[in-house]
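J.: Build me a structure from this.
(one chain, ligands or ions: 1)
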Amino acid sequence: MSTINKRIPPLKNSSYNLSDYKKIREGFSWNDIGKDFIQKNGKVNAAYETIDRHVEEGYGDKIALHYVNGDEKQTYTFKEVKEKTDHYAQVLKNHGVKKGDRVFVFLPKTPDCYVSILAIIKIGAIAGPLFEAFMQEAVKDRINDCEGTVLITDKEMVNRVPQDEIPSLETILFVEDIESLPVKAVNGDVVEWVDVEDGLIIHYTSGSTGKPKGVLHAHRAVVHHYISGKWVLDIKDDDVYWCTSHPGWVTGSVYGLFAPWLNRATIVIQGGRFKAEDWYQLIDELNVTIWYSAPTAFRMLLNQEELLEKYDLSSLRHVLSVGEPLNPEVIYWAWNKLGVRIHDTWWMTETGGHLIVNFPSEEIKPGSMGRAFPGITVGILDEEGKELPRGSIGQLAIRTPWPGLMKEIWGNKEKFANYFKYEGWYLSGDLAIQDEEDYVFFQSRNDDMINSSGERIGPFEVESKLIEHPAVREAGVVGKPDPIQGEIVKAFITLRTGYVESKELLEEIRTFVKSNLAAHAAPKEIEILDELPKTKISGKILRRELKEREIEIIKVK
Ligand code: WTA
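T.: A predicted model of the protein is given here:
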């Protein structure tokens, strides 16, 4: 455990939205916070709370977003976002979209992507945002699973949508056209007032077995989004907030869209992939004050330290990290070189919001993910579901319920029930230690899920794709430790008779996965074995043994 590391105190002379963790924790009630979001008729709408409310309260002219993509720059006020969202919402209504319908969004990180998600939610439908780098198979599996009826995309990305294989899909709307589509007036308000338990957003995520599962969240999550945005992101009215994640991932929707806008922040949307220089330049030019990113990105920046001479990052006042273990070295680097603390946060697609965090007003123990959010209780459980004493490694679990907790796994009661096999607890699948002062230290996953650059990758999905290649007989896929990406995807395969190992063949197999599934899931390394290790009785591939081989090799080196 890393408790021997030097602690980092809170910054002096600063005031924070949450100033005293212990006190707030004692008096905390989710209901008190939730009251604000319920309309007189007992109904709610998360999209209304995210944007419209601010316009009604007189903040229509405040800047809601800065969009930057290379030389392209756009700025929208809250009023403009509201009007655009209303228009999209009406177009959807005119196309017959109803409450509860699943409407997918397949777009790059642009204002249109954010507006589409909000428009869907505004009319009571369920938004299904897809990561922009998905290829045909990944797109198809997700829309088919929950029978999406409408897709909002653009004329380029539609090439990665295999329409013939998605029978439920009735309508495809192109963002190039939506703006100019006439709308029949909708009687009254376009907002559909829904129950707190009604569906909000569905995010597909990977586990260690099977295809990705559809994690469905309810409108009640808005309470969790709002209060964690206020206390953990520490948003104030003059902040410029940038979350680097795409809304196809849960961080990109909850902390890229809902939480900051519920707190009326000016957000930054940056198009394009990671490039250290562009990122530094963006912080400098837009005077970003709050920045939420992932350890892989911080490690890449750390390796290009010379850029720090070129750009002024002094606007940054609050920096946060999520998705994978944050090494103490990175925290010390940021502290010494940038003068900022990096605040690690822990949560999952399924949890809908932050559960274990470092608050800006509290001490950081580098190596720890922080302490439980107010209203959240952590348990470290043994195999029988009993709580272990402080300092022991066990299964990281959280006392149920809380507002952000998922509502269901789409169409799969059994998978949903697996998370709740110990009564009164949500089981995360992570292993962790909690110390005497309540700080939680991540140890590892308790299953075969791969975490590469903070992105969840299910080995089964990659293995299934690999064995569709004619040369591949069997495949076992694991996460191999990597200093920058945390883990990389490594595949072990056996070849069918008639095929011989060659560099070209391996590259062809790699490209096969990359162009059918998704680039981030394609194995970076492929190794051919004569045989894969298997269990004696059922003949199942032993991924753990393959992973141990990789860890052993690294240790020897
Ligand atoms: C891992 C992302 C270490 C963990 C919001 C979890 C982390 C999974 C951290 C969820 C962290 C997330 N330190 N590991 N601070 N945050 N993880 O659903 O294994 O994409 O179970 O949610 O990422 O990934 P997901």
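
J.: Quick one: name the residues of the stretch 301-450 of the chain near the ligand.
T.: 322-325, 344-349, 369, 428-430, 442, 445 (C-beta under 6 Å from any ligand atom). (Glycine included, C-beta is placed from N, CA and C.)

J.: give the contact list for Tyr280.
T.: Residues in contact with Tyr280 (C-beta atoms under 8 Å, 6 or more residues apart in numbering) are 301, 307-308, 310-311, 313.

J.: before we move on, what about Gly34?
T.: So Gly34 contacts 220, 223, 403 (C-beta under 8 Å, 6+ apart).

J.: what's the closest of the contacts of Tyr280 to Glu414?
T.: Set against Glu414, the nearest of the contacts of Tyr280 by C-beta to C-beta is Leu301 (42.2 Å).

J.: how deep is the closest one tucked in, by neighbour count?
T.: 22 (other C-beta atoms under 10 Å).

J.: Test my guess that it contacts Lys275.
T.: No: the pair Leu301 / Lys275 is not scored as a contact, 10.7 Å apart, by C-beta atoms under 8 Å.

J.: Mean confidence (pLDDT) on stretch 259-272, please.
T.: Regarding stretch 259-272, the rounded mean pLDDT is 97.

J.: The protein against the ligand: which residues are in contact?
T.: By C-beta under 6 Å from any ligand atom, the residues of the chain that approach the ligand are 205, 250-251, 322-325, 344-349, 369, 428-430, 442, 445, 451, 456.

J.: again, only using 5 Å
T.: Remark: the part of the chain in contact with the ligand comprises 323, 325, 344, 346-349, 369, 430, 442, 456, using C-beta under 5 Å from any ligand atom.

J.: Now the residue of the chain found nearest the ligand. Its backbone dihedrals?
T.: The nearest approach of the chain to the ligand comes at Thr349, 3.4 Å away (C-beta to the nearest ligand atom). With angles defined as degrees, to the nearest 10, Thr349 sits at phi -50, psi -40.

J.: ditto for the one 5 residues further on
T.: Backbone torsions of His354, given as degrees, to the nearest 10, read phi -60, psi 140.

J.: Please report the distance of the residue lying closest to Phe28 once chain neighbours are set aside from His469.
T.: The shortest distance from Phe28 to any non-neighbouring residue, by C-beta to C-beta, 6 or more residues apart in numbering, is to Pro374 (3.8 Å). In this view, Pro374 and His469 are 50 Å apart by C-beta to C-beta, to the nearest Å.

J.: Arg102 now?
T.: Here Arg102 is placed at a distance of 31 Å from His469 (C-beta to C-beta).

J.: Which pLDDT value does the model give Ser2?
T.: What the model reports as pLDDT for Ser2 is 44.

J.: hmm, back to that, filter the contacts of Tyr280 down to just the buried residues.
T.: Buried residues within the contacts of Tyr280, counting neighbours by 16 or more other C-beta atoms under 10 Å: 301, 313.

J.: how about the contacts of Tyr280, which pair is most distant?
T.: Leu301 and Lys310 (12.7 Å).

J.: how many other residues sit next to Tyr332?
T.: Tyr332 has 15 neighbouring residues, counting by other C-beta under 10 Å.

J.: picking up where we left off before, sort out which of the contacts of Tyr280 are in helices and list them.
T.: Of the contacts of Tyr280, the ones assigned to helices by DSSP state H are Leu301.

J.: which one in the chain is furthest away from the centre?
T.: Here the chain reaches farthest from its C-alpha mean at Gly498, the gap being 42.6 Å by C-alpha atoms, centre = their mean.

J.: Which residue ranges of the stretch 201-350 of the chain form strands?
T.: In the stretch 201-350 of the chain, the strands defined using DSSP state E, counting those that start in this stretch lie at 213-218, 240-243, 266-270, 290-293, 318-322, 342-346.

J.: Tell me where the longest helix sits in the protein.
T.: The chain, longest helix under DSSP H: helix 78-94.

J.: mean confidence score for the very next helix or strand once past that helix?
T.: As assigned by DSSP states H and E, the chain's next helix or strand after helix 78-94 is strand 102-106. Per-region confidence: strand 102-106 scores 99 on mean pLDDT.

J.: Same question for stretch 530-543.
T.: 91.

J.: and if you look at stretch 18-32?
T.: Average pLDDT, stretch 18-32: 96.

J.: what do you get for stretch 495-508?
T.: Average pLDDT, stretch 495-508: 97.

J.: What is the end-to-end distance of that stretch?
T.: Taking C-alpha to C-alpha, to the nearest Å, the first and last residues of stretch 495-508 lie 13 Å apart.

J.: per-residue pLDDT, the closest residue in space to His87 that isn't next to it in sequence?
T.: Excluding its sequence neighbours, the residue lying closest to His87 (C-beta to C-beta, 6+ apart) is Val183, at 6.7 Å. pLDDT recorded at Val183 is 86.

J.: How about the one 4 residues further on?
T.: Predicted confidence (pLDDT) at Asn187: the value is 61.

J.: what residues are up against Met406?
T.: Residues in contact with Met406, defined by C-beta under 8 Å, 6+ apart, are 215-217, 349-352, 416.

J.: try it again with 6 Å
T.: Listed by C-beta atoms under 6 Å, 6 or more residues apart in numbering, the contact set of Met406 reads 215, 217, 350.

J.: Tell me what the first one is bridged to.
T.: It refers to Val215. His203, Ile409 (DSSP bridges).

J.: can you pull the contacts of it?
T.: 203, 205, 349-350, 406.

J.: Let's see that with 8 Å instead.
T.: Taking C-beta under 8 Å, 6+ apart as the test, what Val215 contacts is 202-205, 250, 349-350, 406, 409-410.

J.: swap in Gly486?
T.: With contacts defined as C-beta under 8 Å, 6+ apart, Gly486 is in contact with 295-296, 324-325, 451-454, 479.

J.: Nearest to Gln281 among the residues you listed?
T.: Among the contacts of Gly486, Thr296 lies closest to Gln281 (C-beta to C-beta), at 19.4 Å.

J.: Distance check, the residue farthest from the centre of the chain against Asn5.
T.: Computed with C-beta to C-beta, the distance linking Gly498 and Asn5 is 55 Å.

J.: before we move on, what about Asp36?
T.: Distance from Asp36 to Asn5, by C-beta to C-beta: 39 Å.

J.: okay, the two: which has more neighbours?
T.: Legend: neighbour count by other C-beta under 10 Å for Asp36 and Asn5, higher for Asn5 (16 against 12).

J.: Pretty sure that one sits against Glu363.
T.: No: Asn5 lies out of contact with Glu363 (C-beta under 8 Å); the separation is 11.7 Å.

J.: Okay, and Glu176 sits in which element?
T.: Judged by DSSP H and E, Glu176 forms part of helix 175-178.

J.: Any buried residues in that helix, and which?
T.: 175, 178.

J.: now swap in stretch 338-348 and tell me
T.: Neighbour counts using 16+ other C-beta under 10 Å place 340-348 of stretch 338-348 among the buried residues.

J.: Check the offset of the helix or strand of the chain with the lowest mean pLDDT from the chain's centre.
T.: Lowest by mean pLDDT, DSSP states H and E among the helices and strands of the chain is helix 543-556, with a mean of 82. How far helix 543-556 lies from its chain's middle: 28 Å, per C-alpha atoms, centre = their mean, to the nearest Å.
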